[in-house]
Structures are given as structure tokens and as C-alpha cells.
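Enquirer: only the shape, not the letters, is given here:
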């Protein structure tokens, strides 16, 4: 068993991942690597992992991911500028966190008249 460097969950050795010399669970390893916004294999992997672990809604997300999700939900969507200002982190870090939410089918992009917003994915997964 190992402790995930990011979320500190205990993970079986064979289920852990090494990213830049540190051990992570699958979800956190995904958030640390270069993520693609639209990656069907990452979605499938994240959904299968969440299902096997009994995760529902925001279960299994990091504290930051839960905060971002809640903010987006409260604001009925948020654009990149709003997210950067609210969380005081880089665009690259916001992109990584949003990619995890996308892969878990908890959030998605939405075009609006004044730009692109990240919104809550409205499916049974968000209940």
C-alpha cells in the first residue's frame, strides 16, 4: 500500500502511478499529467475507476476540484478569467483541474454569447 502524494488515499501498489518520481492514485496521476480536454479513453478510465470505487458526484475529487465544482455550480457557469481570479492559480492549473471534471463527466464547456464557460454536467452522475 502507498499513500497518494496529492489526496493521501491509501492505494494498492499495483494501482498507483509514478509521475515525476512521486506516487499517485489514478485520479491524481491524471490531474498531474498533461491532460487533453477531450479524451474518450480518459473519460472511460475515470468513469470505470469511479464506478469500481463506488464514487458518486464529487466523491473522490481533491479539495480544489470540489471547490471549483461548487463555484461553477453556484455561479451557473464560470469562464477562465473568473476561475483564475477566484482560485488565484494559473490557467494551466485550472485547465488540469477542469480536465479531471470533464473526464468524470462532472463538468463541460458551454459556448455563450460572451465566451466559453465551464458548467456542471447535468446527468445522473452529479446527484
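Expert: On my side now, so go ahead. Note that the coordinates shown come from a computational prediction; the quantities given were computed from them, not determined experimentally. Numbers count the residues shown, from 1 in each chain.
Enquirer: most centrally placed residue in the chain?
Expert: The centroid of the chain falls nearest to residue 100 when counting by CA atoms, centre = their mean (2.5 Å).
Enquirer: tell me the secondary structure for that residue?
Expert: Here residue 100 is recorded as helix under DSSP: H, G, I helix; E, B strand; the rest coil.
Enquirer: which residues of the chain fall in helices?
Expert: 26-32, 40-52, 63-75, 80-87, 91-103 (DSSP state H).
Enquirer: sorry, back to before: you'd agree the residue nearest to the centre of the chain is up against residue 26?
Expert: No - with contact defined as CB atoms under 8 Å, residue 100 does not count as touching residue 26 (10.8 Å). For the C-beta atoms, the positions are set from N, CA and C on the backbone; glycine is no exception.
Enquirer: how much space between the residue nearest to the centre of the chain and residue 24?
Expert: 12 Å (CB to CB, to the nearest Å).
Enquirer: do the same with residue 16
Expert: 7 Å.
Enquirer: overlap in contacts of these two?
Expert: residue 4 (CB atoms under 8 Å, 6 or more residues apart in numbering).
Enquirer: to what extent is residue 108 buried, counted in neighbours?
Expert: 17 (other CB atoms under 10 Å).
Enquirer: contacts only, for it.
Expert: 102, 118-119, 121.
Enquirer: greatest separation within the residues you listed: which pair is it?
Expert: Of all pairs drawn from those, the greatest distance, 11.0 Å, lies between 102 and 119 (CB to CB).
Enquirer: so if I had to pick from the two, which one is more boxed in?
Expert: The neighbour count for residue 102 versus residue 119, taken as other CB under 10 Å, is higher for residue 102 (22 against 17).
Enquirer: understood, closing this out.
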